[in-house]
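Trainee: have a look at this prediction, sequence included:
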Amino acid sequence: MVALGATAVGALTGWKESVRDARHELLRLPSGTRVVATWHPSAILRAPPSAAARMRDELADDLARAARLAAEAAVEAGDDEDEPATGHGAHAAPVANRPAVAAQ
């Protein structure tokens, strides 16, 4: 699971420190699911250019780390890569049941 920004990190894990610090921690949900903390894209957009470039690189690194962790978890769970994932995101509503978002 990826937590984008301090609000998401705090809501998911109870983490009270900065995203900068959370990025370097092994965070888990009570279920044991690993959480990768990273920058929210809007924070990068608001950052000064010199910091924004670093934050963009860190976001890309964090997303790559999350992908590696997800692949490792799938192997540990015995998921077949050729089959659709099941059991992940059980709290998400099926696409057909999600409310439509009006374009503006």
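Mentor: Nice, thanks for sending it over.
Trainee: please save the CA atoms from stretch 8-23 in CSV.
Mentor: The C-alpha trace of stretch 8-23 is given here as CSV (Å, rounded to 0.1, in the frame of the first residue of the first chain):
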residue,chain,number,x,y,z
ALA,A,8,-2.6,9.4,4.5
VAL,A,9,0.4,8.1,6.5
GLY,A,10,-1.1,9.3,9.7
ALA,A,11,-4.6,8.0,9.0
LEU,A,12,-3.3,4.5,8.0
THR,A,13,-0.5,4.0,10.5
GLY,A,14,-0.8,6.6,13.2
TRP,A,15,2.6,8.0,12.2
LYS,A,16,3.0,11.5,13.7
GLU,A,17,6.4,12.5,12.3
SER,A,18,7.2,14.0,8.9
VAL,A,19,6.8,12.2,5.5
ARG,A,20,10.5,12.7,5.1
ASP,A,21,11.1,10.5,8.2
ALA,A,22,8.3,8.1,7.4
ARG,A,23,9.8,7.3,4.0
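Trainee: can you show me the strands along this protein?
Mentor: For the chain, the strands defined by DSSP state E cover 2-4, 27-28, 34-38.
Trainee: with distance to residue 60 added, can I get those in JSON lines?
Mentor: For every residue, glycine as well, the C-beta is placed using N, CA and C. Rendered in JSON lines, the data for these read as follows (distance: least, CB to CB, whole Å):
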{"stretch": "strand 2-4", "distance to residue 60": "12"}
{"stretch": "strand 27-28", "distance to residue 60": "19"}
{"stretch": "strand 34-38", "distance to residue 60": "9"}
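Trainee: from those strands, which stretch is densest packed?
Mentor: strand 34-38 (a mean of 23; mean count of other CB atoms under 10 Å).
Trainee: touching that strand from outside, list them.
Mentor: 1-4, 9, 12-13, 15, 19, 22-23, 25-29, 58-59, 62-63, 65-66, 69, 73 (CB atoms under 8 Å, 6 or more residues apart in numbering).
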